[in-house]
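Trainee: okay, sequence plus prediction incoming.
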Amino acid sequence: MAASSSSSSKTSCLQCQDSISDTFKHGWRLRSGDWARLCNRCGSVYEDGRFCETFHSNDDGWRDCESCGKLVHCGCVVSYNAYLLLDFGGVICMDCSKRNFITARNRCLLESQGGTGNLPRDFGKRIHVEPSNGPGLNGTELQQISRKTRSVFVPLFEKILTASDADHKLARLVIPKRWAEAFFPVINVPTGVPIQIQDTDGKEWVFKYRYWPSSTSRTYVLEGLRDYMSLVKGQVGDIVKFYSIEPGGKLVIGLEKPSAGPSST
């Protein structure tokens, strides 16, 4: 958000109380209808999306997004427009809400065409079938295979990699509970089970799927991803995506670099 000129009268930054004389940055909209006035330093933190993380980290009210697991400071006037309350409980950040809407729309379009025929343009390279021995095919060839085999990659969910997800030493990925219990096998012991997942180049991987128990819930994780994350060069901010091959329901994992343009997954 660009800096705005103020009047000649001095005012104070709403956060740090430093005096603002010539310029200030607009922050969030206050309940009064006015915009919060911030100094350049505090305003830059707000524009980077790190305001609550920086200034409210010890406050109550933090909840995790049901889709990507990102922490959201709920109930705070700074972030009230950054998340949605879900009907079944919990919250979802606005970024995930938008992505999930697009995914649901694409799935409806695919189902309306019976999973074959002319795939919608916006599926492009996001939904396709990889042959077992023929990686590197272009989008047109993949669509031809899809029509012939009557199999497609159906998007299930996606998640932006956090710092811990992208840590190659930890070599594990936290799977949001909502998606784990919807799309992954049922497990009843925290030690978990081996799980075979195919990547979008057709290579088979064996990971460990388990959960960390607590008194009120479970945290689901995939472990043993060091070689896969090294291969795809997974970094913070990348988008890991899960699909199922239909028919059959086989799980597929892919990774998209957000700044690299259209994904090949």
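Mentor: Received, thanks.
Trainee: how about residue 69: what's its closest non-neighbour residue?
Mentor: residue 176 (5.2 Å; C-beta to C-beta, 6 or more residues apart in numbering). C-beta: built from backbone N, CA, C; applies to glycine.
Trainee: local confidence estimate at the one you found?
Mentor: pLDDT recorded at residue 176 is 88.
Trainee: contacting residues for it?
Mentor: By C-beta atoms under 8 Å, 6 or more residues apart in numbering, the contact list for residue 176 reads 64, 65, 66, 67, 68, 69, 157, 159, 220.
Trainee: pLDDT score assigned to the spatially most central residue of the chain?
Mentor: For the chain, residue 159 is the residue whose C-alpha lies nearest the centre (C-alpha atoms, centre = their mean; 2.8 Å). Turning to residue 159, the model gives it a pLDDT of 89.
Trainee: and what of residue 151?
Mentor: For residue 151, pLDDT reads 58.
Trainee: swap in residue 211?
Mentor: Taking residue 211 on its own, its pLDDT is 90.
Trainee: before we move on, back to that, which among the contacts of residue 176 count as buried?
Mentor: 64, 65, 66, 67, 68, 69, 157, 159, 220 (16 or more other C-beta atoms under 10 Å).
Trainee: so how far is residue 221 from the first one?
Mentor: Note on residue 64: its distance to residue 221, by C-beta to C-beta, to the nearest Å, is 14 Å.
Trainee: for residue 192, same thing?
Mentor: 8 Å.
Trainee: tell me the domain boundaries of the protein?
Mentor: 1-48, 57-112, 153-256 (automatic domain parsing).
Trainee: circling back: which residues do residue 192 and residue 221 both contact?
Mentor: 209, 210, 211.
Trainee: would you confirm that the second one contacts residue 192?
Mentor: Looking back up the chat, that one is residue 210. Yes: assessed by C-beta atoms under 8 Å, residue 210 is found in contact with residue 192 at 2.5 Å.
Trainee: mutual contacts of those two, please.
Mentor: residue 223.
Trainee: would you map the helices across the stretch 1-150 of the chain?
Mentor: 40-47, 51-55, 94-112, 139-149 (DSSP state H, counting those that start in this stretch).
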